[in-house]
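In: Just the structure for this:
(one chain, ligands or ions: 1)
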Amino acid sequence: MLEGRKVLLIIAGGISAYKSLELIRLLRKSGAAVATVLTAAGSEFVTSLTLSALSGEKVHTELFDLTSESEMGHIELSRSADLVVVAPATADLMAKCVHGLANDLASTLLLATDKPVLMAPAMNVRMWEHAATQRNINTLRTDGTLFVGPNEGDMACGEFGPGRMAEPPEILAAIESALGERPLAGRHVLVTSGPTHEPIDPVRYLANRSSGRQGTAIADALFGLGAEVTFVTGPASAARPRGCRVVEVETATEMLAAVERSLPVDVAIFAAAVADWHVASSRDSKIKKDSSGRPPMLALTENPDILATIALRTENRPALVVGFAAETDEVIANATAKRLRKGCDWLFANDVRPETGIMGGPENSVTLITEAGAEAWPRMSKAETAERIARRVAQHFA
Ligand code: C5P
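Out: Okay, the predicted model is just below:
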């Protein structure tokens with residue numbers, strides 16, 4: 001329920017603007033007050049009269065409107081709501097936001113607001129798949145914009161594919177989640193994720209099978225609870241998390257440097273599968289096959305242990321340091337010893353024998369090891385595991 005919450009709904013120009021009328025009805029039914037902004041293009045699809053009738057409030061359309069400015073200035077309007085929702089969010093309006101343009105009321109409000117923004121994109125499938133749109137979406141995500149949809153299906157233009165605006169009930173659910181509790185607001189959390197690549201020469205490297213899925217899910221869940229998240233990732237196949245400051249690195253040495261640059265933080269969660277070794281004398285040119293048929297010898301040197309380095313430091317040590325332990329035998333005993341050796345507060349141990357399907361798979365089954373002992377969590381999706389980890393972190397600071 002959204003009793004007492006205020007939503008500022010921006011309706012841009014797209015055929016799916018008609019669905020936003022139903023969204024207003026659902027929002028009001030769940031108790032929210034809805035102020036609406038209609039762009040010039042949006043008014044080609046729905047009218048101010050319909051919007052004001054449904055929302056029960058004046059519709060805002062002009063950036064320079066003397067009556068509106070004397071009642072409520074556009075800066076105040078951008079901050080008077082708990083959440084700004086853009087539905088439909090057109091390719092054009094999103095591109096404007098990426099560049100910080102503010103030449104009409106909608107784009108000015110989006111630049112001036114200090115509230116979370118949720119966008120429901122809607123456009124033709126080719127426009128959605130265009131590299132420029134995808135680039136813009138990534139930038140907006142990194143800037144903290146939340147998204148719902150688009151969905152795949154038949155489109156008004158006769159084509160089929162992703163680009164249909166999410167349905168009003170889905171947008172309502174995303175609004176409810178965006179307006180949920182934010183117990184980690186004001187906390188800065190660092191998450192490491194993914195594998196590291198350790199070069200052998202310019203074309204070859206040592207790596208591991210980590211997908212980065214669990215780390216991404218943890219960062220997403222922490223951001224969902226209001227944390228400011230710095231996400232330091234090796235070359236992982238998983239999508240990057242929303243709303244986080246993403247730092248891309250390749251090697252363990254680069255990862256440690258990026259982690260140290262991110263301090264101080266309140267919490268550090270080390271979910272990366274860092275390579276234990278790097279090649280001692282990696283070459284600047286590609287190693288050639290030898291005519292003698294002898295393979296090259298690769299001498300390995302140990303990588304820095306990032307978790308232990310941060311957990312055992314005295315200056316700028318995060319208040320909560322969390323590690324992971326991927327084990328194949330004696331999981332609890334090994335992980336308990338590892339927690340003490342590495343100096344971290346919590347350690348999540350998981351059994352990564354191939355038959356568990358956990359490494360690189362969609363599910364996880366972890367045991368949380370703390371000073372108080374071991375606590376086995378049921379097997380669940382990596383997203384649910386992440387949600388539970390984030391809530392546990394929030395509880396720790398409650
Ligand atoms: O020793 P092991 O690799 O099992 O430890 C796993 C934990 O330590 C994980 O949290 C991982 O992110 C972290 N780690 C690290 N730097 C390393 C090796 C592991 O931060 N070089």
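In: any idea which element the residue lying farthest from the centre of the chain lies in?
Out: Distance from the C-alpha centroid of the chain, by CA atoms, centre = their mean, peaks at Ser292 (51.4 Å). For Ser292, there is no host helix or strand (DSSP states H and E).
In: same deal with Ala174?
Out: With DSSP H and E as the test, Ala174 turns up in helix 168-178.
In: Show the subsequent helix or strand relative to that helix.
Out: strand 188-193.
In: In its sheet, which strands sit next to that following strand, and in what direction?
Out: strand 228-233 (parallel), strand 267-270 (parallel) (DSSP bridges).
In: and that strand, what's its mean pLDDT?
Out: Average pLDDT, strand 188-193: 98.
In: Over to stretch 266-277?
Out: 97.
In: Next, the distance between the ends of it.
Out: Stretch 266-277 has an end-to-end distance of 29 Å (CA to CA, to the nearest Å).
In: and it, how far from the chain's centre?
Out: 18 Å (CA atoms, centre = their mean, to the nearest Å).
In: That stretch close to the ligand?
Out: Yes - using CB under 6 Å from any ligand atom, stretch 266-277 comes into contact with the ligand via Phe270, Ala272, Val274, Asp276. C-betas here are computed from N, CA, C, even on glycine.
In: What's the PyMOL syntax to select whichever of the residues you listed are buried?
Out: Selecting only the buried entries of the residues of stretch 266-277 next to the ligand in PyMOL, with 16 or more other CB atoms under 10 Å as the criterion:
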select buried, resi 270+272+274
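In: Pick out the most distant pair among the residues of stretch 266-277 next to the ligand.
Out: The largest separation in the residues of stretch 266-277 next to the ligand, counting by CB to CB, is between Phe270 and Asp276 at 13.8 Å.
In: Out of the strands paired with strand 188-193, which one sits most buried?
Out: Most buried of the strands paired with strand 188-193, by mean neighbour count (mean count of other CB atoms under 10 Å): strand 267-270, with a mean of 28.
In: what pairs with the helix or strand following that one, and is each one parallel or antiparallel?
Out: Note on strand 267-270: by DSSP H and E, the next helix or strand toward the C-terminus is strand 277-279. Note on strand 277-279: by DSSP bridges, its sheet partners are strand 300-302 (antiparallel).
In: Need the residues that contact the helix holding Ala174.
Out: Helix 168-178 is contacted from outside by 2, 7, 19-20, 22-23, 26-27, 30, 32, 83, 85, 87, 116, 118, 120, 146, 148-149, 151, 166, 224, using CB atoms under 8 Å, 6 or more residues apart in numbering.
In: Need the buried ones from these selected in PyMOL.
Out: To isolate the buried members of the contacts of helix 168-178 in PyMOL, using 16+ other CB under 10 Å:
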select buried, resi 2+7+19+20+23+26+27+32+83+85+87+116+118+120+146+148+149+166+224
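In: Go through the contacts of helix 168-178 and flag which are in strands.
Out: Val7, Leu83, Val85, Ala87, Leu118, Ala120, Leu146, Asn151 (DSSP state E).
In: Show me which residues of the helix holding Ala174 are buried.
Out: Within helix 168-178, the residues that count as buried by 16+ other CB under 10 Å are Pro168, Ile171, Leu172, Ala174, Ile175, Glu176, Ala178.
In: can you confirm Ala256 is in a strand?
Out: Heads up, residue 256 is Leu, not Ala. No - secondary structure of Leu256 (DSSP: H, G, I helix; E, B strand; the rest coil): helix, not part of a strand.
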